[in-house]
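> Okay, structure incoming, though there's no sequence with it:
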């Protein structure tokens, strides 16, 4: 069992509460965790403990642990830190959709953003070919 200092635990919980997610590289020999400044092993042990309490969800992919804070976890971390309910994790906030409104309409084909198929728009090109062949025959 790894004993974690109170100030290090507080750093990890504060980061988790602000972001709503924490990423840990599966390398327990790393001296410090990049975002928190706490030993990587200690961060992993703290979040493993929270996962055992079913307060965070774990996704493991490409040698990285992704821990996502649940609603129950938010309450637990707030209680541990003694913070009021004004702080909301970034993953719980709604995203601004201004970028979709500002983007110009780029529809090129009947299927939305995709072109008219593998070869592009062949409709008018074939029509041009038929008019050329008709002119040549006359």
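Yep, it's here. Predicted, not measured: the structure shown is a model, and the values here were computed from it. Numbering: from 1, shown residues only.
> which stretches of this protein form helices?
Along the chain, counting by DSSP state H, helices occupy 6-19, 40-52, 71-81, 98-102, 123-137.
> what's the first one in contact with?
Around helix 6-19, the neighbours that count as contacts under Cβ atoms under 8 Å, 6 or more residues apart in numbering are 22, 33, 35-39, 42-43, 46-47, 56, 67, 69, 73-74, 77-78, 80-81, 83, 87, 89-91. To be clear about C-beta, it is placed using only N, CA and C from the backbone, and glycine gets the same treatment.
> Now, of those, which are buried?
Neighbour counting by 16 or more other Cβ atoms under 10 Å classes 22, 33, 36, 38-39, 42-43, 46-47, 56, 67, 69, 73-74, 77-78, 89 among the contacts of helix 6-19 as buried.
> where are the low-confidence patches of the protein?
1, 90, 92, 94-134, 138 (pLDDT under 70).
> how long is stretch 17-33 from one end to the other?
Terminal residues of stretch 17-33 are spaced 16 Å apart (Cα to Cα, to the nearest Å).
> for the helices of the chain, which one ends up most surrounded?
Greatest average neighbour count among those goes to helix 40-52 (a mean of 19), per mean count of other Cβ atoms under 10 Å.
> gap between residue 74 and residue 41?
For residue 74, the distance to residue 41 equals 25 Å [Cβ to Cβ, to the nearest Å].
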